[in-house]
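*Asks:* This is a predicted model, with the sequence first.
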Amino acid sequence: MMVCQLGLVYFILTARIVSAQVLKYALKGQDITLVPDLSEKPDAIIWVHDGINVVEFNVMQERPYVYPTYEKRTFLDQNTAELTIKNAKYEDSGNYDLKLKTDNKYDRLKYTIEVIDKVTKPNISCEMINISQAMLVCTTECKCPHLLKFKWRSQGKEQTGPNLNITLSNDHDDQVYQCDVSNPLSKEIATFSAKDCFPGETYLARIFIRPDIMPILTTAVLILVTGFIFGYMFRRKYRCSVCLQKIRKRISSRRQRTLAKVPDIAKCGNDFAQQGSEEALMSGKNEGKGGSFVFKARPSPSRRNQTKKEPGKKHYQIREMEGTALQK
């Protein structure tokens with residue numbers, strides 16, 4: 001066993017590269033198979049993954065020896081040097097070196113393996129630019145985004161990339177866009193209808209959300225509101241002026257009627273003054289007899305009512321309000 005190991009060390013150090021590095025992809029959970037192109041059956045084989053031995057074989061062994069890390073899921077065909085790894089994991093990605101000995105010739109082959117996921121079903125979303133333009137965005141989940149390829153298809157036209165700018169017409173725009181997402185080993189497809197950019201909205205309703213229409217609508221609304229307020233104020237002011245004119249006319253009419261009654265009122269005042277002087281004279285006579293009486297004259301209520309009906313007649317009632325006898 002010691003001689004075998006020394007021979008393998010010498011074999012690894014002296015092997016020459018006979019092919020360039022080859023990149024291969026493998027789906028997670030599936031098998032990885034590396035098939036070297038050989039013309040003869042090798043006498044010695046060793047596979048190395050990122051500096052760690054995977055499996056080895058030489059003519060002095062009955063069967064290949066698999067190292068513990070890859071035991072039970074790694075298989076080697078000793079006739080062709082073909083390597084198979086079952087149930088691939090992300091950790092299996094990396095560089096693989098194959099060292100061969102054939103008729104005292106030492107060769108070396110290099111491979112690069114990258115374990116990737118299947119492409120998941122893509123999702124298409126719509127981002128509005130304005131009322132007539134939108135951008136479709138195609139996305140998918142993947143641990144290897146650098147390997148994804150996007151392609152849009154519609155009406156026989158194709159465009160690469162995850163984004164696609166489209167033109168919208170109205171609610172009846174049934175144009176369908178297809179997004180193809182692929183990686184080196186799998187592919188998925190999703191479709192999108194242009195009318196789905198506005199779920200539950202009508203074409204007329206969408207006009208009011210246009211960025212270029214909103215300022216115009218706002219200005220129009222302000223103008224209408226301002227015009228309504230000024231119209232209401234003007235109408236109210238006009239109506240108040242008409243009411244004021246009517247009130248002035250009524251006041252003027254009443255003033256004229258009052259002035260027409262002035263002569264009768266003056267005559268009434270003269271009669272009242274004369275009656276008052278007579279009462280004052282009677283009061284002076286009573287004082288000389290040792291008594292003092294104060295009289296107040298006012299129209300009788302019944303007479304006042306009659307006075308309103310018959311302005312030409314004056315009726316007065318002399319009522320004694322207070323009497324005081326003074327004894328000396």
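*Replies:* On my side now, so go ahead.
*Asks:* Could you spell out which stretches of the protein belong to which domain?
*Replies:* Per automatic domain parsing, the structural domains of the chain span 2-116, 123-202, 213-260, 267-324.
*Asks:* Give me the below-cutoff pLDDT ranges for this protein.
*Replies:* 1-20, 170-172, 199-214, 232, 234-240, 242, 244, 261-328 (pLDDT under 70).
*Asks:* list the buried ones in the top strand by length along it?
*Replies:* Longest strand of the chain, by residue count under DSSP state E: strand 105-116. Neighbour counts using 16 or more other Cβ atoms under 10 Å place 106-109, 111, 113, 115-116 of strand 105-116 among the buried residues. Yep, even glycine has a C-beta here, placed from its N, CA and C like the rest.
*Asks:* Okay, strands next: where are they in the stretch 151-300 of the chain?
*Replies:* Secondary structure of the stretch 151-300 of the chain (DSSP state E, counting those that start in this stretch): strands located at 157-160, 163-167, 176-183, 186-193, 292-298.
*Asks:* Most tightly packed of the ones you listed?
*Replies:* strand 176-183 (a mean of 19; mean count of other Cβ atoms under 10 Å).
*Asks:* Please list the outside residues in contact with it.
*Replies:* 25, 116, 119, 122, 124, 136, 138, 140, 142, 144, 147-154, 164, 166, 187-194 (Cβ atoms under 8 Å, 6 or more residues apart in numbering).
*Asks:* Which neighbours in the sheet does that strand have, and how are they oriented?
*Replies:* Sheet pairing of strand 176-183 (DSSP bridges) gives strand 149-154 (antiparallel), strand 186-193 (antiparallel).
*Asks:* quick one: that strand to strand 105-116, angle?
*Replies:* Taking axes from the mean of the first three to the mean of the last three Cα atoms, to 10 degrees, one finds strand 176-183 and strand 105-116 inclined to each other by 140 degrees.
*Asks:* quick one: strand 176-183 to strand 163-167, angle?
*Replies:* Between the axes of strand 176-183 and strand 163-167, defined by the same axes, to 10 degrees, the angle is 170 degrees.
*Asks:* Outside of stretch 162-173 itself, list whatever touches it.
*Replies:* In contact with stretch 162-173 (Cβ under 8 Å, 6+ apart) are residues 129, 131-139, 150, 152, 175, 177, 179, 194-195, 197-198, 202-203.
*Asks:* Provide a ChimeraX selection command restricted to the buried entries of those.
*Replies:* Per 16+ other Cβ under 10 Å, the buried members of those correspond to this ChimeraX selection:
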select :131,134,136,137,138,139,150,152,177,179,194,195,197,198
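*Asks:* Start from the N-terminal end of the stretch 1-150 of the chain and give the strands.
*Replies:* 16-17, 22-27, 32-34, 44-49, 52-58, 65-66, 74-77, 82-85, 94-102, 105-116, 123-130, 133-139, 149-154.
*Asks:* Which strands or helices does the second one pack on?
*Replies:* Strand 22-27 makes packing contacts with strand 32-34, strand 105-116 when contacts are defined by 3 or more Cβ pairs under 8 Å, 6 or more residues apart in numbering; DSSP states H and E.
*Asks:* Touching, residue 27 and residue 117? I think so.
*Replies:* Yes - the criterion here is Cβ atoms under 8 Å, and residue 27 meets it with residue 117 at 7.3 Å.
*Asks:* State the distance from the closest residue to residue 53 other than its chain neighbours to residue 46.
*Replies:* Spatial nearest neighbour of residue 53, excluding adjacent residues (Cβ to Cβ, 6 or more residues apart in numbering): residue 67 at 5.1 Å. The gap separating residue 67 from residue 46 is 10 Å, by Cβ to Cβ, to the nearest Å.
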